[in-house]
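Student: Kindly return the folded structure for what I paste below:
(chains A and B)
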There are 2 protein chains.
Amino acid sequence: MVVASQSLEELCINSIRFLAIDAVQKANSGHPGLPMGAAPMAFVLWDRFMRYNPKNPHWFNRDRFVLSAGHGCMLQYALLHLMGYDSVTIDDLKQFRQWGSKTPGHPENFETLGVEVTTGPLGQGICNGVGLAAAEAHLAAKFNKPDATLVDHYTYVILGDGCNMEGISGEACSLAGHWGLGKLIALYDDNHISIDGSTDIAFTEDVCARFEAYGWHTLHVENGNTDLEAIARAIETGKSVTDKPTLIKVTTTIGFGSPNKADTAGVHGAALGPDEVKLTRDNLGWTYGEFEVPADALAHCRKAIERGASYQAEWEAQLAQYKTKYASEAAEFERLLSGELPSGWDKDLPNPSPEDKVLATRKHSETCLNALAPNLPELIGGSADLTHSNLTELKCSGNFQKGSYENRNLRFGVREHGMAAICNGIALHGSGLIPYCATFLVFADYLRGALRLSALSQAGVIYVLTHDSIALGEDGPTHQPVETIASLRIIPDLLTFRPADGRECAGAYKVAIASRKRPSALALTRQGVPNLVNSSADAVAKGAYVLNDCDGTPDLILLATGSEVGLCVTAAEKLTSEGKKVRVVSMPCWTLFEEQSDEYKESVLPKAVTKRLSVEAGTTFGWARYVGTAGASIGTDGYGASAPGETIMEKYGFTVDNVVAKANAL
Amino acid sequence: MVVASQSLEELCINSIRFLAIDAVQKANSGHPGLPMGAAPMAFVLWDRFMRYNPKNPHWFNRDRFVLSAGHGCMLQYALLHLMGYDSVTIDDLKQFRQWGSKTPGHPENFETLGVEVTTGPLGQGICNGVGLAAAEAHLAAKFNKPDATLVDHYTYVILGDGCNMEGISGEACSLAGHWGLGKLIALYDDNHISIDGSTDIAFTEDVCARFEAYGWHTLHVENGNTDLEAIARAIETGKSVTDKPTLIKVTTTIGFGSPNKADTAGVHGAALGPDEVKLTRDNLGWTYGEFEVPADALAHCRKAIERGASYQAEWEAQLAQYKTKYASEAAEFERLLSGELPSGWDKDLPNPSPEDKVLATRKHSETCLNALAPNLPELIGGSADLTHSNLTELKCSGNFQKGSYENRNLRFGVREHGMAAICNGIALHGSGLIPYCATFLVFADYLRGALRLSALSQAGVIYVLTHDSIALGEDGPTHQPVETIASLRIIPDLLTFRPADGRECAGAYKVAIASRKRPSALALTRQGVPNLVNSSADAVAKGAYVLNDCDGTPDLILLATGSEVGLCVTAAEKLTSEGKKVRVVSMPCWTLFEEQSDEYKESVLPKAVTKRLSVEAGTTFGWARYVGTAGASIGTDGYGASAPGETIMEKYGFTVDNVVAKANAL
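Tutor: The predicted structure follows:
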């Protein structure tokens, strides 16, 4: 094909294509195929529909855009640049995928202003989109008034075949259909090519029919390569359907314009090569140089700056009006957006004492959540169909459902991975919402892909993970975590807590709520544990602390977490009665302990005391760091078993006698 | 409802119900609701359709049954008992969920003969079913002759709402539709109740329409509680459709028969309680005692024994005939079933030397797979759409597709979790097949739920996980594993390998292939690594070994894995030239090293040498075990970055100079 003359829109679209082609070529690394094929739909969306303010990427009421097919990030960087965001200059595009650049290999919200969420691991972005749309629906229901609209934006997602093959997207999209999130519009780049070649080899389902089954509204643009009006009509129609999310299947050609590589897997994830770059320029009639954007195209795109300023001004006028009519709501809205927690948010957190009832830490967690919820309206979340096992219901609110989006109990169904990714979207909506989600600890494995992204992308989601050891009993090894706590501890920037009792549970929530850039995981018992005499909520922030001590230098330190702290306290009493000098250290959060000063660490675990025994109903892997070569560990290095919890704990050596025996053996 | 007189079939169905009710009540733990509702479909299936031999649960050509809704395991235990399996006696039922029993809280293939796969984590079982059906299709295509059928069985699955909500099931079912696995028949227990209550609160999609979109044949039995003929007709119809898998939606009432708890979440996961047990007996006209099975019912069910014997005899006659006509195929078939590897299976594994080219270990892996494949016809597998990145194609075979099931390259699409669970099904088909699957190491997070079940259920799946560190470069932190290798090392009964070069890669495959009860994970580089002078394939079986040594007692031990071993070799040379006595230890598999004798461990890591430095492009978490309190670790305790791999490795301190400096600091 030779393009004799190009319309202004074609110039813009080809500008996107060639910025992507050139950047990938310069880096000799990246994915040109998707930007080349999806440029038309993305341009129509960003030029004709999306409301955003390039000069203020944080403007609250902007439409959210998610590139779920994150490998195609040059599409997004090109758009950000063309539309006038300062975060992506032409030099940044030339530094694509280089050390220290603002244009990394996949979109990262923590690197590039204008990128809403971190994508690349397939399927995550569309789920984040569901979370963003849910956040919008919630805030709209909460703040909008019949005569005043504060919250009113769309969430647009571009996703690919890979996203649609991933199970996580099915989970979140089924839920989005159930919730009826009408302001979620997903454009499916149907280019029928994945890395292994034609999707014919593994993916022949009818995607639109599947989404219809989920309760979505679906549309098909047959020629997504050049039929801009059809794309625009579809988006318009999608916007007009307000009670269902819309999937627009846009059939495109991957690597559109490349004479030899279009419609092949070869253009998916590698630079075109200098020859093919030239041929593509010839083929698309592109006479401009490397990284050159035609002045007309740039001028047209940059109109987004003016549009954006006026969108924001218009909205700020609305906000000003809102303030006069609804002062207290407006104050609350502005507080939320500021990310500031309300004063007294933690005032009702419980402080149970040893005289109080023996309770499971999951029960303390329920108390904490319900002590927080009335004072912390931004707290929103729920469980993957284990509400009454995880004990995560907020009693002061109802269920978030179609028609009751103002409520804060999210019913996720048995969809752990989708749940976590939705919560990432809620956290990254930037509106102060604090999402939490819940399942059994062992099923953290199901949501680990999204949990890692919580940590990487600085989404302060709170994971409530109950039934935290073999002590859960009869459900058996499929449901009993043994390696899971350690598997969470090793995720960078995740705070993993295993509180020992009610006070430590309150302390863990206090840190978790305040930690808006680092997600938290709370491992909680199914079974009851005593409230300990010297436990401390405040000490949780230090990660580990001396719970019980002896006079002078200890002969032995017992280190434990969660349900095994109480066990160690009892064992220490017995050892003390035998004349030993024993210290008990509770270690609810290793990561926070590692962040303390050397002095503090030495005060808790003096180097001179080398006899150390760790006791935790989990793998011993990792404990060597604290017990050292002279120490020992009691743990579970194999799988559990199906039997009553107390029996299992006894069989696996979590008894006072065994702790005392192992301690004496040191 | 009062049942005045019961037909023989009703007696049998109520026997299942009350065995489940009584066992859960006695244990005061478990899930009575599903068995009570699904007993009719399960009974019709096991009584009228399924071919199995209770006295030989291993009989090869049996129909496979998977209870994907594994929490309802009392359904399966009751059936095994009633149908005459010796593995589940009435005493075993009375020991439901007790220490050491054969009737654990979820079905476990390694505990209970007659249970094919381990279920409970929702969604896994249906995917295992896809794997079982794929294994059958493969073997049928391979061995059956126009005049002789050896392999010919169905795979039946009962799954629930929870399984259908999980994304993993969508992944595998989409693929099953694509593959056209006509002998897979899934009965969906549509009881519209999950733990949180009515599925109305989170799951309102049209499941049959979704499966139709996947390419399945679907049917609906509207009254699954009592309409046995409708159930039977549906299964019959399902069997008649041979080019598509069938989903039969069977609408039932959870806890059917319980006057106060039927159709509520209350009957899902808790004992009925003595009063309700009694009321249910009254309601269903059940005059029999606890754990009492009416003689007529038992006699009817036990006809399965005779049927089973004759099914097997019939098949053995076919096998005998087959042997006379197709002796070599028959010999191969019997070898496969025996689980014995063919002689010389490992003879072509490569043994590259330092003079050979610098290659990525993923490339060595490709060489190994293709050296094995022609000699090891049971090797079957593929990648989640990263075939040419993971380098997992078997060049001696084609693609496993509808119409070419004899081929051994499985094209999984971007469906990591489903892939792993399908491989578990293939491994547990019991026909000697050795499945492998592949993705990027970081996406082990996506399939972790199924990987854990590989290990727990003794399914020797081989996981080929490439791009194993920050050195993969430009794709950036979303694609760069940092904590992932450690996260695999901590899974009990999983062998995690990180080979340093071509020889170690061959050694890892040698162990992995021979390890049929323990799965393996191979972490492989994207980038080239040198073949090392003293590396050893055989030593991999010991987990760690002295690669380079000095005279006398070392001053220092450098410990490393994978791509960092070569780095340590070079650093050791420099340190040696400075007059230090340095040992280099390669540790390709920690688990295997831990299994060695104390003498061997001491010979590799002498206690006297406390100056130890570990170097691994991954989290330092866990290395304290080997470097001790006096040692140090070079690793990546935060996330990676997007840049060329060599730049990143340098910035993160994986350089000879830094290793030397850190070593000297010790």
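
Student: gap between the strand or helix carrying residue A:366 and the chain center?
Tutor: Secondary structure assigned from DSSP states H and E places residue A:366 in helix A:361-372. Distance of helix A:361-372 from its chain centroid, counting by Cα atoms, centre = their mean, to the nearest Å, is 23 Å.

Student: any idea how far the closest residue to chain B within the stretch 301-450 of chain A lies from residue B:201?
Tutor: Proximity of the stretch 301-450 of chain A to chain B (Cβ to the nearest Cβ) peaks at residue A:413, 3.5 Å away. C-beta: built from backbone N, CA, C; applies to glycine. Distance, residue A:413 to residue B:201, by Cβ to Cβ, to the nearest Å: 8 Å.

Student: any residues in contact with both of the two?
Tutor: Both residue A:413 and residue B:201 lack any common contact, where contact means Cβ atoms under 8 Å, 6 or more residues apart in numbering or on different chains.

Student: coming back round to it: can I get the helix holding residue A:366 in CSV? Just the C-alpha atoms.
Tutor: C-alpha atoms of helix A:361-372 as CSV (Å, rounded to 0.1, in the frame of the first residue of the first chain):
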residue,chain,number,x,y,z
THR,A,361,-6.4,-13.6,65.5
ARG,A,362,-8.9,-13.6,62.5
LYS,A,363,-11.5,-12.7,65.1
HIS,A,364,-9.3,-9.9,66.4
SER,A,365,-8.9,-8.8,62.8
GLU,A,366,-12.7,-8.7,62.4
THR,A,367,-12.9,-6.5,65.5
CYS,A,368,-10.1,-4.3,64.1
LEU,A,369,-11.8,-3.9,60.7
ASN,A,370,-15.1,-3.0,62.4
ALA,A,371,-13.3,-0.6,64.8
LEU,A,372,-11.7,1.1,61.8
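
Student: Is any residue of it near chain B?
Tutor: No: judged by Cβ under 8 Å from any Cβ of the partner chain, helix A:361-372 stays clear of chain B, getting no closer than 14.6 Å.

Student: Quick one: mean pLDDT for the helix or strand following that helix?
Tutor: Where DSSP H and E defines the elements, the next helix or strand beyond helix A:361-372 is strand A:379-383. Taken as a whole, strand A:379-383 carries a mean pLDDT of 98.

Student: and what of stretch A:615-628?
Tutor: Rounded mean pLDDT across stretch A:615-628 is 97.

Student: How many residues are close by residue A:355?
Tutor: Per other Cβ atoms under 10 Å in any protein chain shown, the neighbour tally for residue A:355 reads 6.

Student: ok, now residue A:128?
Tutor: The burial count for residue A:128: 34, using other Cβ under 10 Å.

Student: can you pull the contacts of it?
Tutor: A:66, A:68, A:116, A:117, A:119, A:421, A:422, A:424, A:425, A:428 are the contacts of residue A:128 under Cβ under 8 Å, 6+ apart.

Student: go again using 7 Å as the cut-off
Tutor: By Cβ atoms under 7 Å, 6 or more residues apart in numbering or on different chains, the contact set of residue A:128 is A:66, A:117, A:421, A:424, A:425, A:428.

Student: who wins for most neighbours among the residues you listed?
Tutor: residue A:421 leads those on contacts (other Cβ under 10 Å) with 34 neighbours.

Student: what's the following helix or strand after the host helix or strand of that residue?
Tutor: Element membership for residue A:421 (DSSP H and E) is helix A:416-427. Note on helix A:416-427: by DSSP H and E, the next helix or strand toward the C-terminus is strand A:434-440.

Student: For the residue nearest to the spatial centre of chain A, which non-adjacent residue is spatially closest?
Tutor: Among the residues of chain A, the one closest to the centroid is residue A:424, at 2.9 Å (Cα atoms, centre = their mean). The shortest distance from residue A:424 to any non-neighbouring residue, by Cβ to Cβ, 6 or more residues apart in numbering or on different chains, is to residue A:459 (4.5 Å).

Student: Please report how far the one you found lies from residue A:283.
Tutor: Separation of residue A:459 from residue A:283 (Cβ to Cβ): 42 Å.

Student: picking that back up, closest one of the contacts of residue A:128 to residue B:258?
Tutor: Using Cβ to Cβ, residue A:421 is the member of these that sits closest to residue B:258, with 37.5 Å.

Student: Which positions in the stretch 251-400 of chain A make contact with chain B?
Tutor: Counting by Cβ under 7 Å from any Cβ of the partner chain, the stretch 251-400 of chain A comes close to chain B at A:385, A:386, A:387, A:399.

Student: Mind giving me the ChimeraX select for the residues you listed, buried ones only?
Tutor: Remark: buried members of those, expressed as a ChimeraX selection using 16 or more other Cβ atoms under 10 Å in any protein chain shown:
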select /A:385,386,387,399
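
Student: any chance of the residues of the stretch 251-400 of chain A next to chain B in CSV, with distance to residue B:318 too?
Tutor: Shown next, in CSV, are those (distance: Cβ to Cβ, whole Å):
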residue, distance to residue B:318
A:385, 46
A:386, 48
A:387, 53
A:399, 57
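
Student: Pull the most distant pair out of the residues of the stretch 251-400 of chain A next to chain B.
Tutor: Greatest spacing in those, by Cβ to Cβ: A:386 and A:399 (15.2 Å).

Student: Same drill for residue A:413 and residue B:201, tell me which one is more crowded.
Tutor: More crowded of residue A:413 and residue B:201, by other Cβ under 10 Å: residue A:413, with 29 against 18.

Student: pLDDT score assigned to the nearest residue to the more buried one once chain neighbours are set aside?
Tutor: With Cβ to Cβ, 6+ apart as the criterion, residue A:413 has its nearest non-adjacent residue at 3.5 Å, and that residue is residue B:202. pLDDT, residue B:202: 96.

Student: One more: residue A:5?
Tutor: The model reports residue A:5 with a pLDDT of 73.

Student: Please tell me how far it sits from residue A:287.
Tutor: Applying Cβ to Cβ to residue A:5 and residue A:287 gives a distance of 11 Å.

Student: Residue A:459 and residue A:283: which is more packed in?
Tutor: Neighbours were counted for residue A:459 and for residue A:283 using other Cβ under 10 Å; residue A:459 has more, 30 against 18.

Student: Note down every partner strand of the helix or strand bottoming out on mean pLDDT in chain A and its orientation.
Tutor: Least confident helix or strand, chain A: strand A:193-194 with a mean of 90, by mean pLDDT, DSSP states H and E. When pairing is defined by DSSP bridges, strand A:193-194 lines up against strand A:197-198 (antiparallel).

Student: Can you give me the buried ones in the helix or strand that comes right after the partner strand?
Tutor: Using DSSP H and E, the next helix or strand after strand A:197-198 towards the C-terminus is helix A:207-213. Buried positions in helix A:207-213, judged by neighbour count with 16+ other Cβ under 10 Å: A:207, A:208, A:210, A:211, A:212, A:213.

Student: Residue numbers of the stretch 551-666 of chain A in contact with chain B?
Tutor: Near chain B, when you scan the stretch 551-666 of chain A using Cβ under 7 Å from any Cβ, you find A:619, A:621-622, A:624-625, A:628-629, A:637-639, A:641-643, A:647, A:651.

Student: I'd like to know which of the residues you listed is nearest to residue A:475.
Tutor: Nearest member of those to residue A:475, counting by Cβ to Cβ, is residue A:642, at 6.9 Å.

Student: No more questions from me, cheers.
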